[in-house]
Structures are given as structure tokens and as C-alpha cells.
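Enquirer: Build me a model from this:
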Amino acid sequence: LEIMVTIHGRGACNVALDFGDGTTEKVEGELPANRTHKYATSGTYELRATTAEPCRGEAQLRVEITR
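Expert: Have a look, this model is predicted:
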């Protein structure tokens, strides 16, 4: 029940990831960047990525996790 998230972009940027299961992670530094996350249970989750200044952007994705 593991996913890999690739954050696309160029240069230094701070990104807040919300995996939709109560877990958050801050990604700081050069983009692109990869992160992995393990979900404890099957289900549908809303994954959200939000940037902080000076970067701009937001992305949202529905993730279906099944065993």
C-alpha cells in the first residue's frame, strides 16, 4: 500500500504534502523531488500538494488504495 509522489518543478521550493490520511510532510529544497508514502488501510484518499512563496501552485489527486 505504498505510493511514490513526484513533485515537478525547477529550483528551490517548499511544498506541503497532505496524504489525506492524517499524514503530512514538508518537502524543502530543489525540485524535482520524489517522496514515498505507505497507507495503513485500503480506501480512497485525497492527496494535496501546496507550495509556499516564492513558488506558486497547488495540485490535488484522488488516490484509490486496494490490497
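Enquirer: any idea which residue sits dead centre in this protein?
Expert: residue 17 (4.0 Å; Cα atoms, centre = their mean).
Enquirer: That residue and residue 11: what is the separation?
Expert: In this structure, residue 17 lies at 18 Å from residue 11, with Cβ to Cβ, to the nearest Å as the measure. In this view, the C-beta of every residue, glycine as well, is placed from N, C-alpha and C.
Enquirer: For the residue in the chain sticking out farthest from the centre, which non-adjacent residue is closest in space?
Expert: Within the chain, the residue lying farthest from the chain centre (Cα atoms, centre = their mean) is residue 67, at 20.9 Å. Counting by Cβ to Cβ, 6 or more residues apart in numbering, residue 67 lies nearest to residue 42, which is 5.4 Å off, once chain neighbours are set aside.
Enquirer: How about residue 37?
Expert: Excluding its sequence neighbours, the residue lying closest to residue 37 (Cβ to Cβ, 6+ apart) is residue 19, at 5.1 Å.
Enquirer: residues near that neighbour, how many?
Expert: Neighbour count for residue 19, taken as other Cβ atoms under 10 Å: 20.
Enquirer: Let's see the pLDDT reported for it.
Expert: On pLDDT, residue 19 comes in at 98.
Enquirer: cool, and residue 43?
Expert: For residue 43, the predicted pLDDT is 96.
Enquirer: neighbours of it, just the number please.
Expert: Using other Cβ under 10 Å, residue 43 is surrounded by 13 other residues.
Enquirer: do you know how far it is from residue 12?
Expert: 34 Å.
Enquirer: Check the burial of residue 27 by counting its neighbours.
Expert: Residue 27 has 17 neighbouring residues, counting by other Cβ under 10 Å.
Enquirer: That one contacts residue 18, doesn't it?
Expert: No. Using Cβ atoms under 8 Å, residue 27 makes no contact with residue 18, being 11.8 Å away.
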